[in-house]
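Engineer: fold the stuff below for me.
(one chain, ligands or ions: 1)
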Amino acid sequence: MSPQGQPVRQSRPSVDAGSAAYPSAGEERRGARTRPEKWLADRPWPDVGRPVVVLPLGSTEQHGPHLPLDTDTVIATAVACGLAERITADGTDSVVAPPMAYGASGEHEQFAGTVSLGRDALEFLLIEYGRSICRWAERLVIVNGHGGNVDALDRAVRRLVSEGRDAVWTPCLIADDDTQADDGPAPPTSPATEPATPDVTVPRVLDAHAGRLETSLMLHLAPERVLLDRAEAGNLQPLSEILPALRRGGVAAVAANGVLGDPHGASAAEGARLLDSMIDTAWRRTVARRAVARRADSSQRTGSTEVTHVGG
Ligand SMILES: [Zn+2]
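Structural biologist: Just a heads-up that it's a prediction; the model follows:
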């Protein structure tokens, strides 16, 4: 079934990830400002205050013949927007920082357009980023849209936390599944603090890269940038089976078109549900779980139980 012809824009939420480059508060800018901008970059410094800063961390890498290079960044930005809005609605000012559009994408470097910083550079970059932003921010929350970033991100956040800074990261995960918007390990969850799974109905999609999951999300967020007539299946084997070959030869060794999965059946409506689910997960893994940990901390007085690292 082709998703073409569906009313892809009808359910587009206010967490507009933007179809071009990155979102700005364009419409808000034109009128008198009545509330703080949700984009950090739009605030003059006296208006910055002490917000929770949500940083979208993406990548610039091939996403098959039908999706743009910044797919991970667009998705991470949309999740970050939804998370920041929920944090603000919960009573704490929160802003979205300019997205970080480069990550560790070495496995895609055989494909033109891919730009990878590598793990070491990304780790160092994130550490310095966190040190700088934690001078004035209440907290740093990093929303990661690319599985290849996980190792560097995990090390960087651990370092920031060990230095006494309030930093945390969360992947773009579906609430009732451990399927990610990109390949990469899913962080373990703690049964003691994880709330019950919300009632979210999303399909189990087993594609790891540029398949149905990411295609649906992009059809929802930036439909004009999805080239559906080029969409085609790639390698359909489970990631665990192709991982050795992938590690040796990169994605090109296992999928000539760069797709791990099958975009067939993707739709904007599915993308909208997936995005909502990812925002729920980000909320639970950062804010909600932290609140649970803080309550446990104050009642048990067992020292710091603040959940500053949700990635395992
Ligand atoms: Zn991706």
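
Engineer: output the lowest mean pLDDT helix or strand found in this structure.
Structural biologist: Between all helices and strands in the chain, the lowest mean by mean pLDDT, DSSP states H and E belongs to helix 26-30, at a mean of 50.

Engineer: show the average pLDDT along the helix or strand following that helix.
Structural biologist: The C-terminal neighbour of helix 26-30 among helices and strands, as given by DSSP states H and E, is strand 52-57. Confidence for strand 52-57, expressed as mean pLDDT, is 98.

Engineer: and the helix or strand that contains residue 152, what does it pack against?
Structural biologist: Using DSSP H and E, residue 152 falls within helix 150-162. The contact analysis (3 or more CB pairs under 8 Å, 6 or more residues apart in numbering; DSSP states H and E) places helix 150-162 against helix 119-133, strand 139-144, strand 167-171. Any C-beta I mention is one placed from the backbone N, CA and C, and that applies to glycine too.

Engineer: how about the first one: buried residues?
Structural biologist: Within helix 119-133, the residues that qualify as buried by neighbour count (16 or more other CB atoms under 10 Å) are 119, 122-123, 125-127, 129-130, 133.

Engineer: output those residues as CSV; include the columns distance to the ion and pLDDT.
Structural biologist: Compiled in CSV, the buried residues of helix 119-133 are given as follows (distance: CB to the ion, whole Å; pLDDT from 0 to 100):
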residue, distance to the ion, pLDDT
119, 17, 97
122, 16, 98
123, 20, 98
125, 19, 98
126, 19, 98
127, 24, 98
129, 21, 98
130, 23, 98
133, 25, 98
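
Engineer: farthest pair within these?
Structural biologist: 119 and 133 (21.0 Å; CB to CB).

Engineer: how far away from the center of its chain is stretch 100-111?
Structural biologist: 15 Å (CA atoms, centre = their mean, to the nearest Å).

Engineer: and for stretch 247-263?
Structural biologist: Centroid displacement of stretch 247-263 relative to its chain, using CA atoms, centre = their mean, is 21 Å.

Engineer: let me see the mean pLDDT of that stretch.
Structural biologist: The average pLDDT within stretch 247-263 is 96.

Engineer: which other residues reach it?
Structural biologist: Contacts with stretch 247-263, where a contact means CB atoms under 8 Å, 6 or more residues apart in numbering, come from 62-66, 106-111, 183, 205-215, 231-237, 239, 242, 245-246.
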